[in-house]
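> The sequence and its predicted three-dimensional model are supplied below.
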Amino acid sequence: MTDTEPATEPRVALYHDAVEADRRLRREYREYYRSDPKGFRDTVRRAHARVFRMKPGPKPERNLLIEKAARERGSGVPWRDLCPAYIEHYGVLTAYTRGLAEDGFRRKVNQYLRNHPRLKSHARTAVRNSES
């Protein structure tokens, strides 16, 4: 593979593009690189960390049904309408297991709403409007 041919694998292409970008920076700021290579590397490292910042800790698995249910709940849809629509096999569950499933579902939806303040504020407004 030559430099003019595009890489077929995205990981390889990304690596080559990153190396080329670093070479370009080193060329453009050659005087600074020669006078303070450690400072140059530190600046580039901090810039990369800022651009590709990820919050520390494990990332939660995203459930698209919970997201959709939370958006509906945020717009004011009551729980009695959401549970049958989003809990699998809701109609055949016993009263005990249905209660457990509803509690778990509510917990997941409320956690999603807590992490998304814009939706949470809509949920509060919708609940206040429905109580009036």
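Yep, it's here. Numbers count the residues shown, from 1 in each chain.

> name the helices or strands packed onto the longest helix along the chain?
Taking DSSP state H as the criterion, the chain has its longest helix at helix 95-115. Applying 3 or more CB pairs under 8 Å, 6 or more residues apart in numbering; DSSP states H and E, one finds that helix 95-115 makes contact with helix 64-74, helix 79-86, helix 117-131. The C-beta positions use only the backbone N, C-alpha and C, and glycine is treated the same way.

> Give me the below-cutoff pLDDT ranges for this protein.
1-8, 120-132 (pLDDT under 70).

> Could you chop it up by domain?
10-51, 64-131 (automatic domain parsing).

> Tell me which of those sits most buried.
Mean neighbours per residue, mean count of other CB atoms under 10 Å, is largest over the domains of the chain for domain 64-131, with a mean of 14.

> Run through who's touching the longest helix of the chain.
Contact with helix 95-115 is made by 63, 66-67, 69-70, 73-74, 79, 82-83, 86-87, 90, 93, 119-120, 123, as judged by CB atoms under 8 Å, 6 or more residues apart in numbering.

> can you rerun that using 10 Å?
60, 62-63, 65-74, 79-80, 82-84, 86-94, 119-124 (CB atoms under 10 Å, 6 or more residues apart in numbering).
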